[in-house]
Structures are given as C-alpha cells and as structure tokens.
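Participant: no letters, just coordinates:
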C-alpha cells in the first residue's frame, strides 16, 4: 500500500501542511500523483493523529487554497497500529493550477516552481495550442509578403498537394490568419522586412574569442534555412571525388543532410518569446548550434538519444507548415536521423545539451581534421572499417553490386560508391570493363 520511495508521482510527508497542498498542485499540473501523510522522507511509518473532522477539514483546505479548485481523493491506511493518510489527485485537464499565486509542476521527485513562460506553455499545451498560433499583437496583415506566401504555395503544389486558394484564403485555411488577424507564425514565415525577431548570429571562430567572419540573419523563418546553410558551407571543407559515373561525388566535412536537419530544428523549435538570439559558431573541428528554448521537462537527453519520447513541437503551426513544405520528414524523428548521418560517415556522435535558457547541438569533425585542410588528403594511410568490409566483399564476389554491399554493411548506396571511389583513387581497386557488365578488381598492395 505504501511505495518504497518517492518519485515523480509519489511524495511522503510527516504531517498535513502547506507543502502538501503545493505537492497536490504540482501533481495536478503534471500526470497526477499521491501524497502519503505520516511517512518520513526515508519511508519510516510514524503515522498521524486524526480528529473526527480532520479529513474533511483537509479536503476543504485544499479546495479553498487551489485555483481552479482541486478536490482530491482521500483515504486512511492502517499499518502496525499507525494511521497513514493517502491523498491522491489526477492530472487537471485545463492547466495550470496554483496555490497562493504559486504555480508548480512535478519534475522527477521534486516540485518545480514555474516561470512565467512555463506557466504560459503549460496553459497552451492543455489547450492543444502553441504561442505561434496566437494573434500577433504588433503586426498587421500588411506586414507580410503575399509574394512569399505564393512561393510557398508553389512549393507545396510541386510536393503534390492540391491548393486552389489565393494567398489570403490559403493563410486562413492554414490558421495563419484568424479572425482577420495575423498569427505569430504567419509573421515569422512571411514578414516583408528583416527584423530582430528571428535573429541568428553566425560566426567563423579561429579561437573561442577570435572571429574570422560573421553574419547576422534577420529574414523570415523559411529563408533563414538557406542563409544559415550558405554560411556553414562557406566555412567547412568540401572535396570532389571522381567516379566512373557521369556525376562525381561531393563530400563535405560534415554530413550536409544532418546539418540541414539541425538548422530546420533550430527554426521550428526556437522559443521566439525569449530575448536571446540563435547562435551558430563554426570552429576548426566542431560546430555549435545554440537555440533559445530548452527541452520540455518531460524529455531528457537520454530519451532524445534513445528515441524514447513523444514529439511535442514548441511551435505547432510552424512545424505543420514546414512539414507540408517538405522540410520536415516526420515529427520526432529528426534527432535520430542526425545521429545516423554522423554514424554513417564514421564521425563522432553529436552532443546534445540543455544550456542556460536554451538547447545546444555540437557536431564534430574527424579527429585531426581542421578547416583549411583538404578532406581526405591523407586517405589511404588508414582504411576505415567500412572500406575494409567493402574490400572483403569484393574479394569474395567481384560482381557484387553497390546496392548489395550497402545492404550487407548497413550503410547507404551513396556511401558505398563514395568509398569505392576513394579506394580506386589510392590504387586499391581497379575497374575492369564498363560500368554495366564490368567488375571491380582488388589490387594486391
């Protein structure tokens, strides 16, 4: 009847007091929970003494000191001649609940006092809404560009979506205009002029304090993706790998698909209510992507890495719109794709951190490789694990296809072709015959 220890939905208290009511409020703003009164923190059963009206008085006190009013379930437990009181409450449907003007939420085994922004977020989540869906209190409809709206419509049509509305009707259909008022999302997506509302600081750093190049992006959320990508590509390495096919392979210092995924996540999940800017710092051996807005309390870094979490976009309208633009493939799968891209390129795993009032992703280049060095200039001195596997497979079957090699190793066909081109460049492989009908020969070196 009495759990072994406290956790996210269990609390022990020696006696009924204001702290009990605060815990009931924290449970109501989370997933519900139970307070056991007459139990110490280390689970010693000391019991409580009850009068004839004690339980009724406790319920009335909880009810009178909570807004909205909470009426918990209450019962007694007899244990070795001692009485323990069990007070339980469910998650309240419309949050947040407060007591004496204090808003609390249960985080692990402690009560967390909510900030103003957290109170707002909790309320919006309980309404299944988000900040970007609310009317923009500053900007009118003429603050956005209908040409930019039309450009998005054209993109969606190319993605095989059927859209017959004109730009204004289109915005209403997507809830980007509500009751003739611009939403926050609409302004972020289509604003006519640059503004600090979306500022992203971009820097190429020689050291932690020496900046070699910088730029500040202040355009609309859609355009910013290409602007950030352009700056990153300008300051990382690229090599062209000559293949036997009509098109050569371009290889970047970092998997460019993963970098783009990170940038899209920055734009979509940023907390635009915070005064701080998004920041991208490019160093010799790493890139840091910092974004205002921490992970939700319900998601840990471990959950993120193990893909054990439910996607909860901070800006639901932005996320939905980016999905129809074809920029987001699937909600909640972006982090895992980023990790897989780096694993496939045999690069160090990205690092994910809650820092200050935001979230940071750090990606790393190969050990010893710096900006300014040609990527792969020392290839051949040491073969990668995947290259060794490719050689073994080609030794076993000189006619094996790139697609079959990819399936055997567990990497993409593009990655196989890239590694084969490298092995050819350092004279470990030789193509015999044409692209179709020929085969690869492993050279004895």
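Facilitator: Received, thanks. Values in this document were obtained by computation on a predicted structure and should not be read as measured data.
Participant: for the rest of this, base every contact and every neighbour count on C-alpha atoms.
Facilitator: Fine.
Participant: can you give me the strands in the stretch 101-250 of the chain?
Facilitator: Using DSSP state E, counting those that start in this stretch, the strands of the stretch 101-250 of the chain run over residues 102-107, 110-113, 177-178, 181-182, 200-205, 211-217, 238-241, 249-252.
Participant: tabulate those in JSON lines, adding columns for distance to residue 308.
Facilitator: Output for the strands of the stretch 101-250 of the chain, formatted as JSON lines (distance: least, Cα to Cα, whole Å):
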{"stretch": "strand 102-107", "distance to residue 308": "18"}
{"stretch": "strand 110-113", "distance to residue 308": "22"}
{"stretch": "strand 177-178", "distance to residue 308": "35"}
{"stretch": "strand 181-182", "distance to residue 308": "36"}
{"stretch": "strand 200-205", "distance to residue 308": "30"}
{"stretch": "strand 211-217", "distance to residue 308": "34"}
{"stretch": "strand 238-241", "distance to residue 308": "35"}
{"stretch": "strand 249-252", "distance to residue 308": "30"}
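Participant: would you turn those into TSV with mean pLDDT?
Facilitator: Putting those into TSV (pLDDT from 0 to 100) gives the following:
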stretch	mean pLDDT
strand 102-107	93
strand 110-113	92
strand 177-178	92
strand 181-182	94
strand 200-205	96
strand 211-217	95
strand 238-241	72
strand 249-252	78
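Participant: I'd like those written out as TSV, with mean neighbour count and distance to residue 129 added.
Facilitator: What follows is those, written out as TSV (neighbours: other Cα atoms under 10 Å; distance: least, Cα to Cα, whole Å):
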stretch	mean neighbour count	distance to residue 129
strand 102-107	22	19
strand 110-113	17	22
strand 177-178	20	14
strand 181-182	22	16
strand 200-205	21	26
strand 211-217	15	28
strand 238-241	15	42
strand 249-252	14	39
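Participant: got phi/psi on the closest residue to residue 286 other than its chain neighbours?
Facilitator: In space, and not counting its chain neighbours, residue 286 is closest to residue 364: 4.3 Å by Cα to Cα, 6 or more residues apart in numbering. Main-chain torsions, residue 364, degrees, to the nearest 10: phi -120, psi 140.
Participant: contacts only, for residue 364.
Facilitator: 254, 285-287, 347-350 (Cα atoms under 8 Å, 6 or more residues apart in numbering).
Participant: and residue 58, by the same measure?
Facilitator: Residue 58 touches residue 16, counting by Cα under 8 Å, 6+ apart.
Participant: what ranges do the helices span in the stretch 151-300 of the chain?
Facilitator: With DSSP state H, counting those that start in this stretch as the criterion, the stretch 151-300 of the chain has helices at 167-173, 184-190, 221-234, 256-269.
Participant: so what touches the third one?
Facilitator: Pointing back at helix 221-234 there. Contacts of helix 221-234 (Cα under 8 Å, 6+ apart): 188-190, 198, 202, 217-218, 259-260, 263-264, 267, 282.
Participant: most neighbours of all those residues, which one?
Facilitator: residue 282 (27 neighbours; other Cα atoms under 10 Å).
Participant: what are the bridge partners for it, then?
Facilitator: residue 204, residue 287 (DSSP bridges).
Participant: pLDDT score for it?
Facilitator: Per-residue confidence at residue 282 stands at 97 (pLDDT).
Participant: next one: residue 256
Facilitator: 94.
Participant: repeat for residue 435
Facilitator: On the pLDDT scale, residue 435 gets 67.
Participant: now do the strands in the stretch 301-445 of the chain.
Facilitator: 351-355, 358-364, 429-432, 439-442.
Participant: can you tell me which of these is most buried?
Facilitator: Ranked by mean neighbour count, the strands of the stretch 301-445 of the chain are led by strand 358-364 with a mean of 20 (mean count of other Cα atoms under 10 Å).
Participant: sheet partners, orientation included, of it?
Facilitator: Strand 358-364 is paired, per DSSP bridges, with strand 286-292 (antiparallel), strand 351-355 (antiparallel).
Participant: brilliant, that's me finished.
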